[in-house]
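3D model of this:
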Amino acid sequence: MAKEYKFPEGFWWGSATSAVQIEGAASEDGKGMNVWDYWYKKEPNRFFDRVGPDVTSDFYHRYKDDIKLMKELGHNSFRFSISWSRLIPGGIGEVNKKAVEFYNNVIDELIKNDIEPFVTLFHFDMPIEMQNIGGFENRQVVEYFAEYAKTCFELFGDRVKRWITFNEPIVPVLGGYLYNFHYPDIVDFKRALQFAYGTVLASARAIEEFKKLQIEGAKIGIVLNLSPVYPRSSHPADLKAAEIADLFHNRSFLDPSVKGEYPKELIELLKSYNHLPEYLDNDLELIKNNTVEYLGVNYYQPIRVKAKENMPNPYGVFTPNWFYDEYIMPGRRMNPYRGWEIYEKGIYDIMINIRDNYGNIESFISENGMGVEGEERFIKDGIIQDDYRIEFIKEHLKWLHKAIEEGCNVKGYHLWTFMDNWSFINAYKNRYGLVSVDLKTQKRTIKKSGYWYKELSQNNGFVD
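You can find the predicted model right below:
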């Protein structure tokens, strides 16, 4: 029998994206260079089909039509990011008037279309000048970031009521300092931890600046990519492996952001390997006093681990993988294009954990989505028939609905993403949008999922 899944009144239906991934205009109107612009210039061969961040989906010039289309597809909210290197080229100094004009226009246009703007301050796009002096390893950069954040609050805070300090702050740490998929392409666990710690400080400093301004009706949060960690079995060695993976991948940012302190187990572990980051005593006070007011959760896949099969190489690189191995569960369902497991119940398990262990803080799904390669195979009557995406969203929403029924404080669902956008290194290999983008002509075409999403939003739920 068909079941109706209704969501709470005022639920946020929308999507998420970032500046680098849709704006384009990478060297127009006084924008400075960020790490992606620089890396692409230096090593274009690292990027799929050698497609760089210069033009992407050209939102910089087409935002008006794109926002109209969002409205048409039932969006009542939209998360995007401000580019630090566009707003303050070089990361410090003078504010770029053209950038202020652009972001003002985007915000006004969203509000005009009854779409609430959610603004992320940092989405992987460090100005290259800031990276050159160490990024968040350098406390000076932490201060420059706080200054940039304050500038954004002052410029746009009269209209933006939902702020986010960082998107997936663990990703530049893993990508840039351990696993070789972000610039600066360094492999050094100690520096990775220092950068991660600096990011937590930067987030707390931004929150401190936000509080000083007392913007009426506004809230500030963080977006974390959380993955429930499942052990292979209940064997104590597997359970220990899962506990450590959870400490590194989830709790390293979740605990200081929400609870204002690091997990003791993580501190002990790092101490025993002489890998504690350098810190000042009053840092801990800063982190404690500047926790987030709400939490965005990006969910794509779970983490499955087992106890180590072999001893780590004593001469090799020290990484979190010294403590656990990835467990490839027989029979798991995969998205073959992205190499990610599809496990919808993970979204429920995350939310129950937040309810029970993190004070049931106000939260929302800030990203969830499915990237597929070669979607033109599914064109029929001029429309991409992406039933697989509709199915993916539906099955995740069923579990989210169950979490809400069980008292989880969940306020919305943002899909990744509104229109096909450029992905870091992967460029346009996998498409995630409700709307397809033809890279040659920049023509937008709504996919079947776009029409379905509109109905979902209009009905504040769906029947299945």
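
for stretch 161-174, what is the average pLDDT?
Confidence over stretch 161-174 (mean pLDDT, whole number) is 98.

Can we start the residue count at 530 from this point?
Sure, I'll start numbering at 530, so the last one becomes stretch 690-703.

So for it, first residue to last residue, what's the gap.
Using C-alpha to C-alpha, to the nearest Å, one end of stretch 690-703 lies 31 Å from the other.

Not counting sequence-adjacent ones, nearest residue to Asn882?
Excluding its sequence neighbours, the residue lying closest to Asn882 (C-beta to C-beta, 6 or more residues apart in numbering) is Pro757, at 7.3 Å. Where you see a C-beta, it was placed from the backbone N, CA and C, and this is true even at glycine.

check contacts around that neighbour.
Contacts for Pro757 (C-beta atoms under 8 Å, 6 or more residues apart in numbering) come out as 831-832, 875, 878-879, 882.

can you check Tyr567 too?
Residues near Tyr567 by C-beta under 8 Å, 6+ apart: 657, 660, 712.

Could you do Val901 as well?
By C-beta under 8 Å, 6+ apart, the residues touching Val901 are 864, 866, 915, 917-918, 959-960.

Show me what it is bridged to.
Val901 has these beta-bridge partners by DSSP bridges: Arg960.

Save the contacts of Tyr567 as CSV, and put in distance to Ala771, pLDDT and secondary structure too.
Output for the contacts of Tyr567, formatted as CSV (distance: C-beta to C-beta, whole Å; pLDDT from 0 to 100; DSSP: H, G, I helix; E, B strand; the rest coil):
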residue, distance to Ala771, pLDDT, secondary structure
Ile657, 38, 98, helix
Gln660, 34, 98, helix
Tyr712, 31, 97, coil
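
For Ser763, state which of those is nearest.
Ranked by distance to Ser763 (C-beta to C-beta), these are led by Tyr712 at 41.0 Å.

can I assume the closest one is in contact with Asp654?
No. Judged on C-beta atoms under 8 Å, Tyr712 makes no contact with Asp654 at a distance of 10.5 Å.

any residues in contact with both of the two?
Common neighbours of Tyr712 and Asp654 (C-beta under 8 Å, 6+ apart) are 564-565.

is it true that Ile881 touches Cys937?
Yes. Ile881 is within contact range of Cys937, at 6.8 Å (criterion: C-beta under 8 Å).

the more surrounded of these two?
Neighbours were counted for Ile881 and for Cys937 using other C-beta atoms under 10 Å; Cys937 has more, 19 against 16.

how much space is there between the more buried one and Met880?
Distance, Cys937 to Met880, using C-beta to C-beta, to the nearest Å: 4 Å.

what residues are shared contacts of these two?
Ser892.

which stretch of helix or strand covers the spatially closest residue to Ile640 that is not a sequence neighbour?
In space, Ile640 comes closest to Arg688 once its chain neighbours are excluded; the distance is 6.1 Å by C-beta to C-beta, 6+ apart. Using DSSP states H and E, Arg688 falls within no helix or strand.

I figured Arg688 hits Asp637, correct?
Yes. With contact defined as C-beta under 8 Å, Arg688 reaches Asp637; the gap is 7.3 Å.

Need the overlap of contacts for the two.
By C-beta under 8 Å, 6+ apart, no residue touches both Arg688 and Asp637.

separation between Tyr828 and Asn864?
Computed as C-beta to C-beta, the Tyr828 to Asn864 distance reads 13 Å.

The two: which is more packed in?
Set Tyr828 next to Asn864 and count neighbours by other C-beta under 10 Å: Tyr828 wins out with 26 against 17.

phi, psi of that one?
For Tyr828, the backbone dihedrals (degrees, to the nearest 10) come out as phi -130, psi 120.

Also Val966?
According to degrees, to the nearest 10, Val966 has phi -120, psi 120.

And for Ser606?
Main-chain dihedrals, Ser606, degrees, to the nearest 10: phi -160, psi 160.
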